[in-house]
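Q: Prediction below, plus the sequence it came from.
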Number of protein chains: 6
Amino acid sequence: MKKRILWVNTVGWDAYDQPIGDVLAAIKDPETEVEVVSLALEGQLTHVEYRAYEALTYADIVRIAYDGGRRGVDAMVIGCFYDPALKEAREVSGDMVVVAPCLAAVQLATTLANRFSVVVTRRKCIDQMVDRIREYGAHDRLASMVSLNIGVESLQQDPETTKAGIIAAGRRAIEQDGAEAIVLGCTCEFGFHEEAQKVLGVPVIDAVSAPFKLAEHLAGLKLQFGWSPSRVGSCEPPPAGEIERFGLFRSAPVLGNRLIV
Amino acid sequence: MKKRILWVNTVGWDAYDQPIGDVLAAIKDPETEVEVVSLALEGQLTHVEYRAYEALTYADIVRIAYDGGRRGVDAMVIGCFYDPALKEAREVSGDMVVVAPCLAAVQLATTLANRFSVVVTRRKCIDQMVDRIREYGAHDRLASMVSLNIGVESLQQDPETTKAGIIAAGRRAIEQDGAEAIVLGCTCEFGFHEEAQKVLGVPVIDAVSAPFKLAEHLAGLKLQFGWSPSRVGSCEPPPAGEIERFGLFRSAPVLGNRLIV
Amino acid sequence: MKKRILWVNTVGWDAYDQPIGDVLAAIKDPETEVEVVSLALEGQLTHVEYRAYEALTYADIVRIAYDGGRRGVDAMVIGCFYDPALKEAREVSGDMVVVAPCLAAVQLATTLANRFSVVVTRRKCIDQMVDRIREYGAHDRLASMVSLNIGVESLQQDPETTKAGIIAAGRRAIEQDGAEAIVLGCTCEFGFHEEAQKVLGVPVIDAVSAPFKLAEHLAGLKLQFGWSPSRVGSCEPPPAGEIERFGLFRSAPVLGNRLIV
Amino acid sequence: MKKRILWVNTVGWDAYDQPIGDVLAAIKDPETEVEVVSLALEGQLTHVEYRAYEALTYADIVRIAYDGGRRGVDAMVIGCFYDPALKEAREVSGDMVVVAPCLAAVQLATTLANRFSVVVTRRKCIDQMVDRIREYGAHDRLASMVSLNIGVESLQQDPETTKAGIIAAGRRAIEQDGAEAIVLGCTCEFGFHEEAQKVLGVPVIDAVSAPFKLAEHLAGLKLQFGWSPSRVGSCEPPPAGEIERFGLFRSAPVLGNRLIV
Amino acid sequence: MKKRILWVNTVGWDAYDQPIGDVLAAIKDPETEVEVVSLALEGQLTHVEYRAYEALTYADIVRIAYDGGRRGVDAMVIGCFYDPALKEAREVSGDMVVVAPCLAAVQLATTLANRFSVVVTRRKCIDQMVDRIREYGAHDRLASMVSLNIGVESLQQDPETTKAGIIAAGRRAIEQDGAEAIVLGCTCEFGFHEEAQKVLGVPVIDAVSAPFKLAEHLAGLKLQFGWSPSRVGSCEPPPAGEIERFGLFRSAPVLGNRLIV
Amino acid sequence: MKKRILWVNTVGWDAYDQPIGDVLAAIKDPETEVEVVSLALEGQLTHVEYRAYEALTYADIVRIAYDGGRRGVDAMVIGCFYDPALKEAREVSGDMVVVAPCLAAVQLATTLANRFSVVVTRRKCIDQMVDRIREYGAHDRLASMVSLNIGVESLQQDPETTKAGIIAAGRRAIEQDGAEAIVLGCTCEFGFHEEAQKVLGVPVIDAVSAPFKLAEHLAGLKLQFGWSPSRVGSCEPPPAGEIERFGLFRSAPVLGNRLIV
């Protein structure tokens, strides 16, 4: 079954498109077609560690979702562990399913373990992510939030340091906090989960593979069973005529080239 | 004590600036200076009933907050009952306090009564507002959400119908759901609370006066006690140098003229 | 990728094996191998509407899970919407993933909608299922539990009545309770979701397809990423030596023939 | 008032029958008649530290409850701090009340103190017991779970070590975690509470005395006021005819001799 | 075992002493000695339907508890379903256990059924009682609060009307709200539970018998096991010297004669 | 706008009247008239660290509220961080608004920060205050409770020690527990917040200024918008005739002179 997946790097910078695309190419189902895009923001936004930065990305995430739904994409992943604009994007995504890393990781971790910890980049992120986990109903399953004290931009610059940090943080979470699975709480922590899992001996769920494979899974359900986002009640989308009249959703403002993998 | 308050109509349309400005002029402290602005969005957005519309406003709300903090505004009100971008805006507001209608109404209603109901425009809004009320810790105090079945744009077009609807909804909430106070769940329901309160015999809290007066109160606390937003932990703002380097916050993109009242 | 899935009908009766097997054959991935079994209980147990009946199935569900893990099955589905013995079975399943209908349906429904209702067979089931949904952290998303007032055994006897009942119950949930997706809260409600979905215009998630496809998805993750159940902390399994010494897990006590589809 | 109480050791091993019987003989009301039984499982199960072991006991606990209700027993205690099959057993217990240690200890501890800790055998047990305490609504009152790091089977082998461990764990809970009462979280921690209480200076509630005396109390209420388990709604038992037709509940499969004390 | 129980009618009126005393005499254990007192308030307070009235009783409830503890009473019942001053009284009760009707009824109802409703006198009481039930962790088990619309003082004036009202309210709770047990939410609803239970077919728990028998049970545990209220952490009592120096606790200010039954 | 505010020191000792009055005189709006009173209790109660002491104050707090409402006071502050008798006093306060320190501090702290800690006098207070914070819906925002280990009476005796203790406790809360704002959890911790705030670099909210300024704010809302306490449902006050007939509310029993500032 051919599935079309759209991965959105929620930054105004296309430097992550190729490495994330490489990861996705390596893990996708053979028939899946993947598109990787970044946002065409004013200014160069290389990370979204701050709520204020995140706010700058909301409009374009929604526009890309609207566009994706109209272009026949099956599922879209919002590529940031804060899961920014998830419900907002889903509201206008038509039949396209929309997922995000924190949601995917929480669903998976609570299926494989009773208690999990999240390894985050900096203490700054913790409160916001805990709120999201609470919203997803998994707060009682959260053993701890553990910080690497490494900024997002530095994660891939010195991979050995990052890997060692993840393993140390994971061990602490397992031994002291009772974690039974580890979630990597940033999409830029990609490339480390396999080795960390081998060393730590518990499931280590990374924030790229988990949401991407969930997107493929849900794209399949959509195609096979028609299970696409609800459009009634609080899921009601704006009327098509009004969207047009307001002139709100120009074609999706993606940065540079759309990377197809 | 002179206080500077900034009211943001979170729409891309300046038609509400004068009427809201008139309301604020009538209720403000004599020494308070009020500025009313709308957003300079692409396209004309006359309401934000949908999450997708709301997402379009996030970036500019944050930019206005950043600008307000630097211009020495004491407190800002985000003029929409969804309280959009409240934490996001506060993150970059410097010493400026940021509030919003749902927060203000919930704090007030739970101080004056044990259980309250919210009169919303349409059923569409309920789930999202209940989530916000849950986030504010007041869900156990919520008697019910009652819908007027009137779109935001129609609220002020036929005031008599709206008023009658509010009174009927409020009465239902009091008699059937056990409400002891009524919150008007949309800033465009302004102008009705006095008469509704007289008829219903319980506090009727409107979504313009409550947050505006809270803003004045908090502006006073800031000036008198230095109680401005925290800047540590999850309240850490982006580094000033990074904001400049990224070129993210142009001067605040407000629509038309800034109305000063 | 070849995946081996084991579906367990948690009754002491093999009459459901063929019809469920037919459903699974129709929806499985081409390469997936499915095995359908029932329990070899003393006495003929044709349904598990009661907690006391369910208790009779716990030992054998666990034994089948233990056996499945040792035989190299990738994922097992416990085929009852009460999700009986889910954590118990997972504790001894080795690398085999274990899922169940309520878990799968809740994860899916909350991804596609903000609020969902469950259509159950009889009022008797409601309290227990609500507890399960609360355990899964989705209680705040539950619009209502709606009862068909049809016993499990009668669901497939008069399919037209059942279908009409599901549609009527779903409509009530949508219109009166604010449901945005409908979950069919019994595995024996299979065969109705497509038509109900067409009529109701919201996702209608059935309790066979959802957990089965989740099992396939998770089997894939296990094979691709090594994401199998955690084995530390509260997920620690009994020591192999002790299991042997106690003589507890005979070969899996399945009923009649294992149906392979 | 003569009361008939049935204590069930939820293991497939009768070695605990005499020591538990001795404890009960020493604490029972003079007129109470106590019966102590173990389970006639296949294989010798000497403890239920694991969920998978517990699952093996469910069917027989339910059968013993069914039989007890028909034989005119007034109250039954499920003698394991996981409270296994409590609701399941109660469903078919007729007029017989069913209780269990965790329920009894939590009710008592929250009546005598605002915050309590539970001293458990091994870290393995904590997550499951916390879930049970949450189900009983006492999670906000839980100061901590403290582990002895002693397996169930070793508790009575070296009583001095166990006692010293309980006292040390209790002291830690009081001083560091703010516990105001201590619950012994395993029925095999019997015989230690008196001395621990004397040393620690707070109520130390043991998992044999508390549920047994609660059973006597409830047996009295049943005889005096007719307060026996509800049989409507989610408490509806299976129809008598169906139980017979299914052949599910043979006479209670107890191990060796029923010990009468 | 001789137990000394103190029942406190939390009103400034001794008219309930004899009828409550008669009820207790009929249900007490033969060896139990019961004392019934009312409060010697300024002014004649015949009921405590209002929070403000309740506040007037706090000081004397605490004084009676202090006195009871020093006089060697084993357990005290605060005879009002609001459970006024329960933790306050327990703080100074020495070795005397203190219980109250709502606590006792909730513990019992959740042991006999999964969901219960409370039949209250007037709608006024509901919010406060729901808060208490939430504090006791049983809110998830609460099917509904049903009002008789009969003031406390009228309950015993026209017993037939009250009885009919209780039965009608109970039936509504069972049929419409899914109640499986009924709690009578006022101590002045005594004398009706037996007949209501017979008619309704579910446990009907009255607010005199349940707490009184719990008091006897806990008095027994205290005498047998030394399980009396904790005196550490948040249960720390005021220093004896300070109490004396402050001159706070005169001899217990009870009304008229202490009725001994 | 002239506002009349009544501050109640909930002790039977007038030694705090002048120092608290001095604080209020320094921070009040120019036109506000403030009255400071203490309670005319039997015995000299110099602090209310214990629940039992608090209970002694309930009746007089309610009487003062009743009297205040009739004398035309606009808002009353119950000057103790336990917020004793808050709902009770509000029930009979007529049009007078009633607030208290914990409520005010929690509303303010959650507006300025995402997580806050409370610096309390002694560990004894923690459990009760956490319950209050939970009742106010802010428990998820509570980073920690930190104890000074200084009794209430000693706070102002050695101010330098107290100040150093507050700063050390606040630093610990910020660095170890993730606090982003500090609340001083006792009205007698007045006089320290300014310097602590300067040193700690986060908002430090004191328990006198915050509720007093909230009282002024709410007094203003009452005068301007008629937003006074609800009088329906669970906020229904006792009937005037009954109050008179019962002879319950003598003139407010305040201690010594009413201090007017």
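A: Happy to help now that I have it. What you are looking at is a predicted structure, and each value in this text was computed from that prediction instead of being measured. Residues are numbered from 1 along each chain as shown, chains lettered A, B, ... in the order given.
Q: In chain A, what residue lies closest to chain E?
A: A:D140 (13.7 Å; C-beta to the nearest C-beta). Heads up, the C-betas are built off the backbone N, CA and C, glycines and all.
Q: Those residues of chain A touching chain F, which are they?
A: A:123, A:126-127, A:134 (C-beta under 8 Å from any C-beta of the partner chain).
Q: Sticking with the residue in chain A positioned nearest to chain C, tell me its helix or strand.
A: As assessed by C-beta to the nearest C-beta, chain C sits closest to A:G137 within chain A, at 2.2 Å. A:G137 is part of no helix or strand when elements are defined by DSSP states H and E.
Q: residue contacts, it?
A: C:110, C:136-141 (C-beta atoms under 8 Å, 6 or more residues apart in numbering or on different chains).
Q: Contacting chain B as well, which ones from the residues of chain A next to chain F?
A: Okay, of the residues of chain A next to chain F touching chain B (C-beta under 8 Å from any C-beta), that's A:123, A:126-127.
Q: In CSV: those, plus neighbour count and distance to chain D.
A: Compiled in CSV, these are given as follows (neighbours: other C-beta atoms under 10 Å in any protein chain shown; distance: C-beta to the nearest C-beta, whole Å):
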residue, neighbour count, distance to chain D
A:R123, 17, 24
A:I126, 21, 22
A:D127, 20, 21
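Q: Buried ones among the contacts of A:G137?
A: C:110, C:136-138, C:140-141 (16 or more other C-beta atoms under 10 Å in any protein chain shown).
Q: Out of these, the closest to chain A would be?
A: Distances from chain A to those, taken by C-beta to the nearest C-beta, are shortest for C:G137, at 2.2 Å.
Q: Domain map for chain A?
A: A:4-101+A:209-260, A:102-205 (automatic domain parsing).
Q: ok, A:G21 - how many residues close by?
A: By the criterion of other C-beta atoms under 10 Å in any protein chain shown, A:G21 has 18 neighbours.
Q: Pipe the residues of chain A next to chain F into CSV and attach secondary structure and pLDDT per row.
A: CSV is the format used below for the residues of chain A next to chain F (DSSP: H, G, I helix; E, B strand; the rest coil; pLDDT from 0 to 100):
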residue, secondary structure, pLDDT
A:R123, helix, 96
A:I126, helix, 97
A:D127, helix, 97
A:R134, helix, 97
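Q: any chance of these in TSV, with distance to B:L41 too?
A: As requested, the residues of chain A next to chain F are exported to TSV (distance: C-beta to C-beta, whole Å):
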residue	distance to B:L41
A:R123	35
A:I126	33
A:D127	30
A:R134	32
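Q: of all the residues you listed, which comes closest to B:K28?
A: A:D127 (33.9 Å; C-beta to C-beta).
Q: so who does the closest residue in space to the closest one that isn't next to it in sequence touch?
A: Distance criterion C-beta to C-beta, 6 or more residues apart in numbering or on different chains; nearest residue to A:D127, sequence neighbours excluded, is B:S234 at 3.4 Å. Contacts for B:S234 (C-beta under 8 Å, 6+ apart) come out as A:123-128, F:114-115, F:178, F:180.
Q: Could you check which residue of chain A lies nearest chain D?
A: For chain A, C-beta to the nearest C-beta, closest residue to chain D: A:N114, 4.9 Å.
Q: Quick check: that residue touching A:E180?
A: Yes. Between A:N114 and A:E180 a contact is recorded at 5.9 Å, counting by C-beta atoms under 8 Å.
Q: Between those two, which is the more surrounded one?
A: The neighbour comparison of A:N114 against A:E180 (other C-beta under 10 Å) goes to A:E180, with 26 against 23.
Q: State the phi and psi torsions of the more buried one.
A: Backbone geometry at A:E180, expressed as degrees, to the nearest 10, gives phi -120, psi -10.
Q: ok, it touching C:E91?
A: No. With contact defined as C-beta under 8 Å, A:E180 does not count as touching C:E91 (11.7 Å).
Q: got any ranges where chain A has weak pLDDT?
A: The model of chain A has pLDDT under 70 over residues A:251.
Q: tell me the helices in chain A, going along the chain?
A: A:17-27, A:51-71, A:86-91, A:101-112, A:126-135, A:159-177, A:193-200, A:209-225, A:240-246 (DSSP state H).
Q: Look up how far A:Y58 lies from the nearest residue to A:T57 once chain neighbours are set aside.
A: Once flanking residues are discounted, A:T57 sits nearest to A:T10: 4.7 Å by C-beta to C-beta, 6+ apart. Counting by C-beta to C-beta, to the nearest Å, the gap from A:T10 to A:Y58 is 9 Å.
Q: now do A:V204
A: On the measure of C-beta to C-beta, A:V204 and A:Y58 end up 30 Å apart.
Q: now swap in A:A26 and tell me
A: Taking C-beta to C-beta, one finds A:A26 at 30 Å from A:Y58.
Q: Stretch A:23-32 vs chain C: in contact?
A: Yes. Shown here: stretch A:23-32 in contact with chain C (C-beta under 8 Å from any C-beta) through A:I27.
Q: in that stretch, what's buried?
A: A:23-24, A:27-29, A:32.
Q: Check stretch A:116-130 too.
A: A:116-121, A:123-130.
Q: now, the most widely separated pair of those residues?
A: The span of the buried residues of stretch A:116-130, defined through C-beta to C-beta, is set by A:F116 and A:K124 at 20.6 Å.
Q: one step back: between the buried ones among the contacts of A:G137, which sits nearest A:T46?
A: C:T110 (32.3 Å).
Q: Now for the closest one: which residues touch it?
A: For C:T110, the contacting residues are A:136-137, C:116, C:138, C:141, by C-beta under 8 Å, 6+ apart.
Q: Let's see that with 10 Å instead.
A: A:103, A:107, A:136-137, C:116, C:136-138, C:140-142, C:181 (C-beta atoms under 10 Å, 6 or more residues apart in numbering or on different chains).
Q: Tell me how far A:K198 lies from chain B.
A: Separation of A:K198 from chain B (C-beta to the nearest C-beta, to the nearest Å): 33 Å.
Q: hang on, the earlier thing: where do the contact lists of A:T10 and A:Y58 overlap?
A: A:84-85.
Q: Convert the C-alpha atoms of stretch A:33-52 to PDB, please.
A: Provided in PDB are the C-alpha atoms of stretch A:33-52 (Å, rounded to 0.1, in the frame of the first residue of the first chain):
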ATOM      1  CA  GLU A  33       6.900   8.300  -0.200                       C
ATOM      2  CA  VAL A  34       8.300  10.900   2.200                       C
ATOM      3  CA  GLU A  35       8.500  14.600   1.900                       C
ATOM      4  CA  VAL A  36      10.600  16.700   4.300                       C
ATOM      5  CA  VAL A  37      10.100  20.400   4.600                       C
ATOM      6  CA  SER A  38      11.100  23.300   6.800                       C
ATOM      7  CA  LEU A  39       9.400  26.600   7.400                       C
ATOM      8  CA  ALA A  40       9.900  29.700   5.300                       C
ATOM      9  CA  LEU A  41       9.800  32.000   8.300                       C
ATOM     10  CA  GLU A  42      11.100  35.600   8.300                       C
ATOM     11  CA  GLY A  43      14.400  35.400  10.100                       C
ATOM     12  CA  GLN A  44      16.400  32.200  10.500                       C
ATOM     13  CA  LEU A  45      15.000  30.200  13.400                       C
ATOM     14  CA  THR A  46      17.400  27.200  14.000                       C
ATOM     15  CA  HIS A  47      15.600  25.800  17.100                       C
ATOM     16  CA  VAL A  48      12.400  26.100  19.100                       C
ATOM     17  CA  GLU A  49      13.500  25.700  22.600                       C
ATOM     18  CA  TYR A  50      11.400  28.700  23.700                       C
ATOM     19  CA  ARG A  51       7.600  29.100  23.700                       C
ATOM     20  CA  ALA A  52       8.000  32.400  21.900                       C
END
